[in-house]
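Can you look at this prediction? I've put the sequence above it.
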Amino acid sequence: VVNVAYSTSQPSLPPLEVGGAFWRLRDRVIDSEHRLLKQMGFAIKPDLPFSRLLNYLRSLSASPQLAAAAHSLLVESFNDPLLLQHSPSAVAV
């Protein structure tokens, strides 16, 4: 994405090598993307269910094995679009 943005603005120059200029451009592209998404109403920092899961596991005095399994299931669930239809509290349960 960085080199596409660079090539679009500087078509006569070769792609950037990974280095200072590359990282500065990458930071500017990311900053622009965040501003654009925020203007469009997207949540830039979504509310994730991990802290709620941890609280539930603590209240149940869950074993480390159960905590690891619950965490793994939660991470795997991020591949399912149904996750977006529920609140972080419901997902954590």
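Yep, it's here. Numbers count the residues shown, from 1 in each chain.

Look up the pLDDT of residue 56 for me, please.
With respect to pLDDT, residue 56 scores 90.

Count the residues that sit near the residue lying closest to it once chain neighbours are set aside.
Computed as C-beta to C-beta, 6 or more residues apart in numbering, the closest residue to residue 56 that is not its neighbour in sequence is residue 92, at 6.0 Å. Bear in mind the C-beta positions are built from the backbone N, C-alpha and C, glycine included. Using other C-beta atoms under 10 Å, residue 92 has 19 other residues around it.

same thing with residue 2?
Around residue 2 there are 19 residues (other C-beta under 10 Å).

gap between the closest residue in space to it that isn't next to it in sequence and residue 58?
Spatial nearest neighbour of residue 2, chain neighbours left out: residue 26 (4.7 Å); criterion: C-beta to C-beta, 6+ apart. Relative to residue 58, residue 26 is positioned 38 Å away (C-beta to C-beta, to the nearest Å).

again, but for residue 92
From residue 92 to residue 58 the distance is 12 Å (C-beta to C-beta).

Now do the helices in this structure.
Remark: helices assigned in the chain by DSSP state H are 2-9, 20-39, 50-59, 64-77, 88-92.

any idea of the mean pLDDT for the last one?
By that I understand helix 88-92. The pLDDT scores in helix 88-92 average 76.

For it, list every residue counted as buried.
91-92 (16 or more other C-beta atoms under 10 Å).

From the contact counts, what lies against the helix or strand of the chain with the lowest mean pLDDT?
Lowest on mean pLDDT, DSSP states H and E among the helices and strands of the chain sits helix 88-92, with a mean of 76. With contacts defined as 3 or more C-beta pairs under 8 Å, 6 or more residues apart in numbering; DSSP states H and E, the packing partners of helix 88-92 are helix 50-59, helix 64-77.

which of those sits most buried?
helix 50-59 (a mean of 14; mean count of other C-beta atoms under 10 Å).

Can you give the contact residues for that one?
With C-beta atoms under 8 Å, 6 or more residues apart in numbering as the test, helix 50-59 has contacts from 66-67, 70-71, 74, 88-89, 92-93.
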